[in-house]
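[1] The amino acid sequence is not available; the structure is as follows:
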């Protein structure tokens, strides 16, 4: 199974990653806007917030993900980190885990793929999972059914695109007044539930 390289991917993405003996990431797919490759969703004090990484690309020209460069003109990395602090500073595990994630927001990555790979590896480490991550050596055709590159997409309704995913409720920082928000970034799960319970959740939220 081939996986897209997502930025702090959603829970249904990680529910599949943790079941792999080796994770193979697609680097030759054509980059498209409004996907989880450069955006993630978190729960802030006023509701769901989308954090988007600005990128540099030629408009109207297809560009492979491996060649997508990050645009730092807006100092987005500090904006994203402040957003994460505002959303999760009072969560049970933020203080415990922040030091593992924070350095990636204080480092300037040239390519989006490199940042996403680092975040995936750090997150797997937090979950205490030693799963090797490799890159494709050429584009692999997308499978007609169940391919993560097509079903994990913010523009598609989860119930239709990913019917095997069961978004069970867990305690979120602002859920007492905002209600539960399903399938947010993996960071929402690990900051609220901690590594052990997050790992257990990921193992249970997909139908076998």
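    Arrived safely, thanks for sending. Note that the structure is a prediction, hence the values are computed from the model and not measured. Residues are numbered from 1 along each chain as shown.

[2] where are the low-confidence patches of the protein?
    Counting by pLDDT under 70, the chain contains low-confidence residues at 158-160, 208.

[3] Let me know the secondary structure of the residue of the chain most remote from its centre.
    Using C-alpha atoms, centre = their mean, the residue of the chain lying farthest from its centre is residue 60. It sits 26.2 Å away. When the structure is reduced to helix, strand and coil (DSSP: H, G, I helix; E, B strand; the rest coil), residue 60 reads as coil.

[4] The lengthiest helix in the chain packs against which elements?
    With residue count as the measure and DSSP state H as the assignment, the chain has helix 186-204 as its longest helix. Taking 3 or more C-beta pairs under 8 Å, 6 or more residues apart in numbering; DSSP states H and E as contact, the helices and strands that helix 186-204 lies on are helix 11-17, strand 39-44, helix 76-88, helix 94-105, helix 112-126. To be clear about C-beta, it is placed using only N, CA and C from the backbone, and glycine gets the same treatment.

[5] Tabulate those in TSV, adding columns for mean neighbour count and distance to residue 153.
    Written out in TSV, the entries for those read as follows (neighbours: other C-beta atoms under 10 Å; distance: least, C-beta to C-beta, whole Å):
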stretch	mean neighbour count	distance to residue 153
helix 11-17	23	10
strand 39-44	21	11
helix 76-88	17	21
helix 94-105	15	24
helix 112-126	20	16
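
[6] Nearest to residue 147, out of those?
    With respect to residue 147, and counting by C-beta to C-beta, the nearest of the helices and strands packed on helix 186-204 is helix 11-17 at 10.6 Å.

[7] List phi and psi for residue 18.
    phi -70, psi -10 (degrees, to the nearest 10).

[8] what sits against it?
    For residue 18, the residues meeting the contact criterion (C-beta atoms under 8 Å, 6 or more residues apart in numbering) are 124, 127, 129, 131, 199, 202, 203.

[9] For those, which single residue is the most surrounded?
    Of the contacts of residue 18, residue 202 is surrounded by the most neighbours, 24 neighbours in total, counting by other C-beta atoms under 10 Å.

[10] Surely it and residue 12 touch.
    No - with contacts counted by C-beta atoms under 8 Å, residue 202 stays clear of residue 12, the gap being 9.3 Å.

[11] quick one on the thing from earlier: the longest helix of the chain to helix 76-88, inter-axis angle?
    With axes from the mean of the first three to the mean of the last three C-alpha atoms, to 10 degrees applied, the angle from helix 186-204 to helix 76-88 works out at 60 degrees.

[12] Verify the stated contact: residue 93 with residue 197.
    No - Residue 93 lies out of contact with residue 197 (C-beta under 8 Å); the separation is 9.4 Å.

[13] quick one: the residue lying closest to residue 68 once chain neighbours are set aside from residue 37, how far?
    Computed as C-beta to C-beta, 6 or more residues apart in numbering, the closest residue to residue 68 that is not its neighbour in sequence is residue 112, at 4.5 Å. Here the criterion is C-beta to C-beta, to the nearest Å. By it, residue 112 lies 7 Å from residue 37.
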